[in-house]
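Visitor: Output the structure for:
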Amino acid sequence: MSEPQAAAPASAGLLERYFGLAQRGTTVRTEVLAGATTFLTMAYIVLVNPAILGLAGMPVASVAAATCFAAAFASILMGLVANTPLGLAPGMGLNAYFSFTVVQQMHVPWPVALGCVFISGVCFLILTLTGVRQLIVAVIPTYLFAAVAGGIGLFIGFIGLKDAGIVVANPATFVALGNLREPAAAVALFGLLLIGALSVWGVRGAMLIGIVGTTILGWMAGLVAFKPEPYSLAALTGTAFKLDLPGVFKLSGGVFEIVFVFLFVDLFDNIGTLVAVTKRAGLMDAAGRIPGLNRILIADATATIVGSMAGTSTVTSYVESAAGVQAGGRTGLTAVVTGLLFFATMFVAPYAQIVPLAATAPALIIVGGLMLLPLTEVEWEDPLSAIPAFLTVAMIPFTFSIANGLAFGITAHAALKLLRGSVKKADWFLFILAGLFVVRFVWMSAGA
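Guide: Reported below is the predicted structural model:
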């Protein structure tokens, strides 16, 4: 009996040395609780991601399993390699771009779209290893990071309102208020109120609890038509290694746009999330630098590559990690715990298809609203930042394309700098990007 008693402190000592717990003022217990908190705030992705990618024709059960696997692998990798309390999972916004724009609008088969995600991950890894990433980040103003996040938030919120039937198409006004007496809309409004109430009460896992509660009401309202099937982890084989790399190279010029958006939005998401989480955790140094940034970005790029092979859209850092930091998480042990909980969730993930769109829509709306917070970082009184920021924020949801928002924002920023006469030698790469976007606009107009 003495051996098990001695093993616990030995394990704690190993964790202490590996993650440097004392150096960062934390303990194993605190890190475990923080990891569980991060998981609860992120777990809604297990239900929402399959719903979004399922609309692209992907098998929902398989995507659910792939989502859990990718989140588990990525979070554990981040914790072990970068020792940072960041949870990762398939990114909101990027999954919408994958499903609604790439597959449904551009008519790219989902295996080919997964191939594009794989290539974007490889490109991100190469850019990080060669230092080109620093050049790209340096020419893009920080306020555009905030604008992209806000635009994606509106995009996600709009999709949620559309899925719920709260907002519907109208030939005269493009969009209009739907029939709120319809079962789907009524159930979604209940879910919106439930998640909102739980959030303001400070309940951990408000998103997940709200989705489950709304799903139960959806069952009672007859919104679910599900025939239970025997469960097997083999569900993952429905998407695992189904990516079509040869098909990517058969695409027309659109492949550049697709990979570009996956790559740059992932970059923007990571920088914004890293700044927010490391600031709150007190890990950023006096010069505003993020310790171990390259290791963090390498882990993220690797996670996207593995996630595409498992069968899901781009994997990225989650700003919900801030909840775990708020609970005391300061090291990579927090991320490892989060990853282990996602791995455990794999055993029930395929049954995510019992959740109706009316139950996931409220989560999309709430998450979209929370993503507007970075817009406070934009200097709205300065036209040089306000105009490109507005174009970025507006064009993403209004054109149903993150690519268009990025293109308008960066091009407007470059044009206004040129007209104001504030161009510097270091801006050469900015104007190359803007020029490429102008060519893209001309090419798209010619093909319209």
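
Visitor: Now do the buried residues in stretch 99-117.
Guide: 99-103, 106, 108, 110-117 (16 or more other CB atoms under 10 Å). Any C-beta I mention is one placed from the backbone N, CA and C, and that applies to glycine too.

Visitor: any idea of the mean pLDDT for stretch 235-243?
Guide: For stretch 235-243, the mean pLDDT works out to 92.

Visitor: Would you state the helices of the stretch 151-300 of the chain in chain order?
Guide: Assigned by DSSP state H, counting those that start in this stretch, the stretch 151-300 of the chain shows helices spanning 183-200, 206-220, 245-248, 254-281, 293-310.

Visitor: May I see the buried residues of the first one?
Guide: Residues of helix 183-200 classed as buried under the neighbour-count rule (16+ other CB under 10 Å) are 183-192, 194-196, 198.

Visitor: Now do that helix: which elements does it pack against?
Guide: Helix 183-200 sits against helix 142-164, helix 206-220, helix 357-370, with contacts defined as 3 or more CB pairs under 8 Å, 6 or more residues apart in numbering; DSSP states H and E.

Visitor: List the contacts of A335.
Guide: By CB atoms under 8 Å, 6 or more residues apart in numbering, the residues touching A335 are 35, 38, 75-76, 78-79, 84-88, 321.

Visitor: quick one: stretch 22-39 to chain centroid distance?
Guide: Its chain's C-alpha centre and that of stretch 22-39 lie 23 Å apart, by CA atoms, centre = their mean, to the nearest Å.

Visitor: Could I get the average pLDDT for it?
Guide: On average, the pLDDT along stretch 22-39 is 89.

Visitor: quick check, nearest of the contacts of A335 to P50?
Guide: When these are ranked by distance to P50 (CB to CB), L88 comes first, at 17.3 Å.

Visitor: name the element the spatially closest residue to the closest one that is not a sequence neighbour belongs to?
Guide: The shortest distance from L88 to any non-neighbouring residue, by CB to CB, 6 or more residues apart in numbering, is to A74 (3.7 Å). Using DSSP states H and E, A74 sits within helix 60-82.

Visitor: Now that helix: average pLDDT?
Guide: 95.

Visitor: Show the subsequent helix or strand relative to it.
Guide: Proceeding N to C from helix 60-82, the next assigned helix or strand is strand 88-90, under DSSP H and E.

Visitor: which element follows that next one toward the C-terminus?
Guide: Counting by DSSP H and E, the next helix or strand C-terminal to strand 88-90 is helix 94-96.

Visitor: And for that next one, what's in contact with it?
Guide: By CB under 8 Å, 6+ apart, the surrounding residues in contact with helix 94-96 are 49, 52-53, 155-156, 159, 262, 265-266, 269, 312-314, 316, 402.

Visitor: ChimeraX command to pick out the buried ones of the residues you listed?
Guide: In ChimeraX syntax, the buried subset of the contacts of helix 94-96 is picked out as below (16+ other CB under 10 Å):
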select :49,52,53,155,156,159,262,265,266,269,312,313,314,316,402
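
Visitor: Which single one of the contacts of helix 94-96 is nearest to A64?
Guide: N49 (7.6 Å).

Visitor: Help me confirm that the closest one comes into contact with V63.
Guide: Yes. Using CB atoms under 8 Å, N49 makes contact with V63 at a distance of 6.4 Å.

Visitor: overlap in contacts of the two?
Guide: With CB under 8 Å, 6+ apart, N49 and V63 have common neighbours T312.

Visitor: Only alpha carbons, please: show stretch 193-204 as CSV.
Guide: Extracted C-alpha coordinates of stretch 193-204, given in CSV (Å, rounded to 0.1, in the frame of the first residue of the first chain):
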residue,chain,number,x,y,z
LEU,A,193,-32.6,33.3,-23.3
LEU,A,194,-31.3,30.2,-21.4
ILE,A,195,-27.7,30.6,-22.4
GLY,A,196,-27.9,34.3,-21.8
ALA,A,197,-29.3,33.8,-18.3
LEU,A,198,-26.7,31.2,-17.4
SER,A,199,-23.9,33.4,-18.7
VAL,A,200,-25.0,36.5,-16.6
TRP,A,201,-25.3,34.2,-13.6
GLY,A,202,-21.7,33.2,-14.1
VAL,A,203,-22.5,29.5,-14.6
ARG,A,204,-19.5,27.5,-16.0
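
Visitor: to the chain's geometric centre, what's the distance from it?
Guide: 22 Å.

Visitor: before we move on, the earlier item: from the chain's centroid, how far away is the helix holding A74?
Guide: Put simply, helix 60-82 sits 13 Å off its chain's centre (CA atoms, centre = their mean).

Visitor: Using CSV, write out every CA atom in it.
Guide: What follows is helix 60-82, C-alpha atoms only, in CSV (Å, rounded to 0.1, in the frame of the first residue of the first chain):
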residue,chain,number,x,y,z
VAL,A,60,-22.1,14.4,-38.8
ALA,A,61,-21.1,11.5,-36.5
SER,A,62,-17.7,11.3,-38.1
VAL,A,63,-17.2,15.1,-37.8
ALA,A,64,-18.2,15.0,-34.2
ALA,A,65,-15.5,12.3,-33.5
ALA,A,66,-12.9,14.2,-35.6
THR,A,67,-13.7,17.4,-33.7
CYS,A,68,-13.0,15.7,-30.3
PHE,A,69,-9.9,14.0,-31.6
ALA,A,70,-8.5,17.2,-33.1
ALA,A,71,-9.3,19.3,-30.0
ALA,A,72,-7.7,16.6,-27.8
PHE,A,73,-4.5,16.3,-29.9
ALA,A,74,-4.1,20.0,-30.3
SER,A,75,-4.7,21.0,-26.7
ILE,A,76,-2.3,18.3,-25.4
LEU,A,77,0.3,19.3,-27.9
MET,A,78,0.0,22.9,-27.0
GLY,A,79,0.4,22.1,-23.3
LEU,A,80,3.4,19.8,-23.7
VAL,A,81,5.3,21.8,-26.4
ALA,A,82,4.5,25.4,-25.6
